[in-house]
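Chemist: 3D model of this:
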Amino acid sequence: MAWIAENRRALEARYNRPVEKIVGIVTPFGAQVREMRRACSAHKITVSGRTGITIGTVHALQGAERPVVIFSPVYSKHADGGFIDGSPSMLNVTVSRAKDSFLLFGDMDVLANAIPGSPRALLSSFLDQPGLELGFQPTPRADLQESQGQLQILRDAAEHDAFLLNVLSTDARRYLIVSPWIKLRTMERTGILKALELATARSAKIDIYADPLLNANLTPNGTNQMDEAAGALKQIGVTLHRLEKLHSKIVAVDDDLLCVGSFNWLSADREGQYARHETSYIYRGKDVEAEIRVTKEDLKRRTS
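Modeler: Residues are numbered from 1 along each chain as shown. Got it, this is the predicted structure:
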């Protein structure tokens, strides 16, 4: 709902009608419908009556169209979501209701991991194209900050680099870094490669996941981007895992620190025309242990 509120003026200016008549929202579950209706009300988006925004299961939009259709599949790494594939018409009707734009707000890694040829896998292949990812500020997860620990926000490349260099210099024993893109020169220039080396020298275990499909560009020395990084990391004792269709950007430290956001830790341009404003949230405490475990299990399952 935050995205709709943030883009409300632009949408209404383009279509010359209220946003409630521009956007339709589809989700498989009644509980999610209720949550989204509450969220819309909080953002002053009308949800009731003939002027209200359409939010419901796929049946809510049967026979109707909207310029923009948002699909919220709900499922995350905690559950597979395969039941969506049991009814191919669900996604077909949902996508076909969008006259101009179809937007998915959900865990793309879950879609990418679906059975090849299934409706979710087909949707993933269609959406998983360069330049299609929406750029907007994510919201923090309340379920990961219910007890102790102050939520910390990282807002630019300098803050992200400082955070990663700092946690690598602590006495932690296990590190997980998920960065779909990876560049050796970026790691060298920022000091991250040296920090990784010092961490492994004190026997820390470091696992990095990156996507070989995104790192196939050739470097000046003739090797591809992925192989170049893999060679340098192997020399210092860091394990680089190759995982196709990777979307998450994560840093996890031991069992009590999790950083999630939109920043590509090991490749993002820190300056120049391609530098982007990125946001990540740092969660600390016992609430994150289960999330870290699920994340690691999902990554291992997808690489096996």
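Chemist: low-confidence ranges in this protein?
Modeler: Scanning the chain for pLDDT under 70 picks out 78-83, 136-137, 143, 145-149, 271-276.
Chemist: OK, contacts around the spatially most central residue of it?
Modeler: Compute the mean C-alpha point of the chain, and by C-alpha atoms, centre = their mean the closest residue is Ser248, 4.4 Å away. Applying C-beta atoms under 8 Å, 6 or more residues apart in numbering to Ser248 gives the contacts 109, 178, 180, 260, 295. C-betas here are computed from N, CA, C, even on glycine.
Chemist: state the distance from the last one to Val178.
Modeler: So that's Thr295. 8 Å (C-beta to C-beta, to the nearest Å).
Chemist: shared neighbours of these two, anything?
Modeler: Contact criterion C-beta under 8 Å, 6+ apart; residues shared by Thr295 and Val178: 248, 250.
Chemist: any chance of a markdown table for the contacts of Ser248, columns neighbour count, distance to Ala142 and secondary structure?
Modeler: As requested, the contacts of Ser248 are exported to a markdown table (neighbours: other C-beta atoms under 10 Å; distance: C-beta to C-beta, whole Å; DSSP: H, G, I helix; E, B strand; the rest coil):
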| residue | neighbour count | distance to Ala142 | secondary structure |
| --- | --- | --- | --- |
| Asp109 | 20 | 21 | helix |
| Val178 | 25 | 22 | strand |
| Pro180 | 21 | 26 | coil |
| Val260 | 22 | 13 | strand |
| Thr295 | 23 | 18 | helix |
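Chemist: which one of those residues is nearest to Tyr209?
Modeler: Taking C-beta to C-beta as the measure, Tyr209 sits nearest to Val178 out of the contacts of Ser248, at 4.7 Å.
Chemist: just grab the bridge partners of the nearest residue to that closest one once chain neighbours are set aside for me.
Modeler: Once flanking residues are discounted, Val178 sits nearest to Ile250: 4.0 Å by C-beta to C-beta, 6 or more residues apart in numbering. For Ile250, the beta-bridge partners under DSSP bridges are Val178, Val260.
Chemist: what about the helices in the stretch 1-150 of the chain?
Modeler: Counting by DSSP state H, counting those that start in this stretch, the segments of the stretch 1-150 of the chain that form helices are 2-6, 8-15, 30-42, 88-96, 108-112, 119-127.
Chemist: which one of these is the most hemmed in?
Modeler: Most buried of the helices of the stretch 1-150 of the chain, by mean neighbour count (mean count of other C-beta atoms under 10 Å): helix 108-112, with a mean of 21.
Chemist: one step back: that's a helix at the residue nearest to the centre of the chain, yeah?
Modeler: No: if the criterion is DSSP: H, G, I helix; E, B strand; the rest coil, then Ser248 is coil and not within a helix.
Chemist: so it versus Asn264, what's the distance?
Modeler: According to C-beta to C-beta, Ser248 and Asn264 sit 11 Å apart.
Chemist: overlap in contacts of those two?
Modeler: Pro180.
Chemist: can you report how many residues neighbour Asn215?
Modeler: Residues contacting Asn215 under the criterion other C-beta atoms under 10 Å number 21.
Chemist: can you classify it as helix, strand or coil?
Modeler: Assignment for Asn215 (three-state DSSP): coil.
Chemist: adjust the sequence numbering to begin at 286 for everything that follows.
Modeler: Let's use 286 as the start, then, which means that last one is Asn500.
Chemist: list the contacts for it?
Modeler: Asn500 neighbours (C-beta under 8 Å, 6+ apart): 466-468, 509-511, 514.
Chemist: how near is the residue lying closest to Leu376 once chain neighbours are set aside to Arg382?
Modeler: Take Leu376 and drop its neighbours on the chain: the residue closest to it by C-beta to C-beta, 6+ apart is Pro404, 4.6 Å away. According to C-beta to C-beta, Pro404 stands 15 Å off from Arg382.
Chemist: so Trp288 touches Phe390, yeah?
Modeler: Yes: at 7.3 Å, Trp288 and Phe390 qualify as touching, with contact defined as C-beta atoms under 8 Å.
Chemist: which residues do the two both contact?
Modeler: Contacts common to Trp288 and Phe390, judged by C-beta under 8 Å, 6+ apart, are absent.
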